[in-house]
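Engineer: structure for the following, please:
(one chain, ligands or ions: 3)
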Amino acid sequence: MATRSALINVMVRAAEKAARGLVRDFGEVEQLQVSRKGPSDFVSAADHRAEKTLRDELQKARPDFGFLMEESGGSSGRDKTTRWIVDPLDGTTNFLHGLPHFAISIGLEKSGEIVAGVVYEPVHDELFWAEKGQGAYLNHTRLRVSERRNMADALIATGIPFKGRGDAAGFLDEAEAIMTEVAGIRRFGAASLDLAYVAAGRYDGYWERGLAPWDCAAGVLLVTEAGGFVSEIGGGRNPVFGGTILAANAHLHLPLAKTLRGVERKRAPVVPVPQPPTIKPPTS
Ligand code: IPD
Ligand code: CA
Ligand code: CA
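Structural biologist: Numbers count the residues shown, from 1 in each chain. Ligands and ions are numbered 1, 2, ... in the order given. Okay, here's the model as predicted:
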């Protein structure tokens, strides 16, 4: 049985309180699907309510810490080294459509490093949590990434660009390259849970471009504490703030990186090599 620290308990209490509101609101969404106004205003209000609950609870427990929150942005606290990085509702599109796959994500950043993370999926009561150096857990069970070594057996998650954002053609090239090598690709629609599922060994890997820190701060720690590797797709070591992410077990991180970078290289614009000016021979 895992013993949670006081810090993790603060995060869990805040997540559970905000989740109670979200679950109540999720129950209403189905009713709203048929109304003329549609559920999107309602969902956005639910999202803001959850964020306020999280802010109030976290602030009460740790009044000196700053915040980086999806809806209300950044604010620094008295302790300039430490801030909460929060997504109050990750998987908004699922929530809006009545799909029970969404989560609350809370990461704690200290001096530029993520030191604690909680991803709570309330519909199935799955609480993923990790503290730096202490391992990753699902409820009371220690997590390990999967042991799969062969790309041909691997199940890989991703995120697909939407609403005209991101590079749709680039994504299709990447998906084509990956899908020909692996057992399957999934797009479930909540980045924090994609990472939590890598930590739990349900997925063998996950890649996505265009993420924000609140989507992945907690999830990155879950994966590394479960023994996995996380980097930017191009190899950079700052996936939380770098905007692209590749997470996998230790066996599959490199082959996945090679495949994705191969696509990147093929798509890189051909830069013309500057030619020396032609010097005409002197005319006599
Ligand atoms: C989104 C989800 C989705 C990912 C998007 C995120 P939101 O977060 O995590 O899976 O593909 O990039 O923006 O908007 O539901 O909080
Ligand atoms: Ca999100
Ligand atoms: Ca969100």
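
Engineer: switch to C-alpha atoms for all contacts and neighbour counts from now on
Structural biologist: Fine.

Engineer: show me what stretch 220-236 is in contact with.
Structural biologist: Residues from elsewhere that reach stretch 220-236, judged by CA atoms under 8 Å, 6 or more residues apart in numbering: 114-117, 128-137, 143-145, 195-196, 198-200, 207, 237-240, 242-250, 253, 257, 260-261.

Engineer: among these, which are in helices?
Structural biologist: If you go by DSSP state H, the contacts of stretch 220-236 have 195-196, 198-199, 239-240, 242, 253, 257, 260-261 in helices.

Engineer: okay, now the domains of this protein?
Structural biologist: The chain breaks down into these domains under automatic domain parsing: 6-142, 151-267.

Engineer: re the thing from before, out of the ones in helices among the contacts of stretch 220-236, who's nearest A177?
Structural biologist: Of all those, A177 sits closest to L260, with 7.5 Å by CA to CA.

Engineer: now for the closest one: which residues touch it?
Structural biologist: 174, 177-178, 233.

Engineer: likewise for T82?
Structural biologist: So T82 contacts 65-66, 108-111 (CA under 8 Å, 6+ apart).

Engineer: what's the spacing between the nearest residue to A50 once chain neighbours are set aside and ligand 1?
Structural biologist: Nearest non-adjacent residue to A50, counting by CA to CA, 6 or more residues apart in numbering: A18, 4.9 Å away. As judged by CA to the nearest ligand atom, to the nearest Å, A18 and ligand 1 stand 15 Å apart.

Engineer: please apply the same query to G234.
Structural biologist: In terms of CA to the nearest ligand atom, G234 sits 18 Å off from ligand 1.

Engineer: how much space between that residue and ligand 2?
Structural biologist: G234 sits 22 Å away from ligand 2, going by CA to the ion, to the nearest Å.

Engineer: same check, this time on G159
Structural biologist: Here the criterion is CA to the ion. By it, G159 lies 11 Å from ligand 2.

Engineer: so which bits of this structure are right by ligand 2?
Structural biologist: 90, 215 (CA under 5 Å from the ion).

Engineer: so which bits of the chain are right by ligand 3?
Structural biologist: Counting by CA under 5 Å from the ion, the chain sits next to ligand 3 at 89-90.

Engineer: show me where pLDDT drops low in the chain?
Structural biologist: By pLDDT under 70, the weakly predicted segments of the chain are 1, 33-38, 269-274, 276-284.

Engineer: tell me which residue in the stretch 1-150 of the chain sits closest to ligand 2.
Structural biologist: For the stretch 1-150 of the chain, the residue closest to ligand 2 is D90, as judged by CA to the ion, at 4.0 Å.
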